[in-house]
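Asker: Let's see this in three dimensions:
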Amino acid sequence: APNVTSAYQKFAFRAHRVEQPEFVGKRAAELEVIRPDGRMFVERLRRGERILSVEPDLRIERGDIVCLYGRSELVLEYGPRIGAEIHDPELLDFPVEIARVIVTNRAITQRSFGELVSWPPTRGVGVRKVTRGGQDIPVSPATVLDRGDVIELVGPQPTVARAAREIGQIEMPTANTNLM
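Answerer: Numbers count the residues shown, from 1 in each chain. Take a look at the predicted model:
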C-alpha cells in the first residue's frame, strides 16, 4: 500500500553517555564495530554543550555522549556496554539520506561485501538492498558486486554522498516517462 512501511528498521541511531572506563581515552574507531554481519559507527558526539563531527582518531572522554549508528542489533548490543542510553534530540537531529547508487567503479566489482566491509569510503554507510537486473539479491558478506548493480545506501547525508561518489553514480529519480 502507498505510504506504508515496516516498523522494523535495519539501522538505528542512538545516543549513549560514555561511562565505562574501558572506553575513556579510546579513539572513536576503537568503539566502532566492523563484523562480516554488520557495522556500527560513532557518527557524532556531544562534549559539554558542543556537538562534534567524529573522525576515527578523535579521543573519547568520560561523559561524552556518542551517537551510535549501524545495524540495529549491533547498536542495541554494544550501546549499553558504553553507557546509558540518553535522550538527546539535538545530537540525533541531522539529515539522513537514502540513495540508490549504480556501481560503476571497477575497483569494487567482483569483490564481496565481506571484502569491502572495511573500505574507508563506506565508513558510516549502511546497505539496505542490492538490485541486479531489476531483481533484489541477498545482502550478505558473500554477496559479490557487479558493474551495473544498484545499491541502496543509507546514512548521514554527507557520508552517503562521499560513498556514492566512490561507488559509482547516484540514480536520480525522474517524473518523466517514455510514453507518447
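
Asker: next one: phi and psi at the most centrally placed residue in the chain?
Answerer: Nearest to the centroid of the C-alpha atoms of the chain, with distances taken as CA atoms, centre = their mean, sits residue 125, at 2.8 Å. Its backbone dihedrals place residue 125 at phi -120, psi 140, with angles given as degrees, to the nearest 10.

Asker: ok, it - contacts?
Answerer: Residue 125 makes contacts with 153, 154, 155, 159, 160, 163, as judged by CB atoms under 8 Å, 6 or more residues apart in numbering. For every residue, glycine as well, the C-beta is placed using N, CA and C.

Asker: tell me the contacts of the residue nearest to residue 100 when sequence neighbours are not counted?
Answerer: Setting aside the residues directly before and after it, residue 100 is nearest to residue 171 in space (CB to CB, 6 or more residues apart in numbering), at 4.1 Å. Counting by CB under 8 Å, 6+ apart, residue 171 touches 99, 100, 101, 102, 150.

Asker: Recalculate using a threshold of 7 Å.
Answerer: Taking CB atoms under 7 Å, 6 or more residues apart in numbering as the contact definition, residue 171 lies against 100, 101, 102, 150.

Asker: quick one on the thing from earlier: would you mind measuring from the residue nearest to the centre of the chain to residue 31?
Answerer: 17 Å (CB to CB, to the nearest Å).
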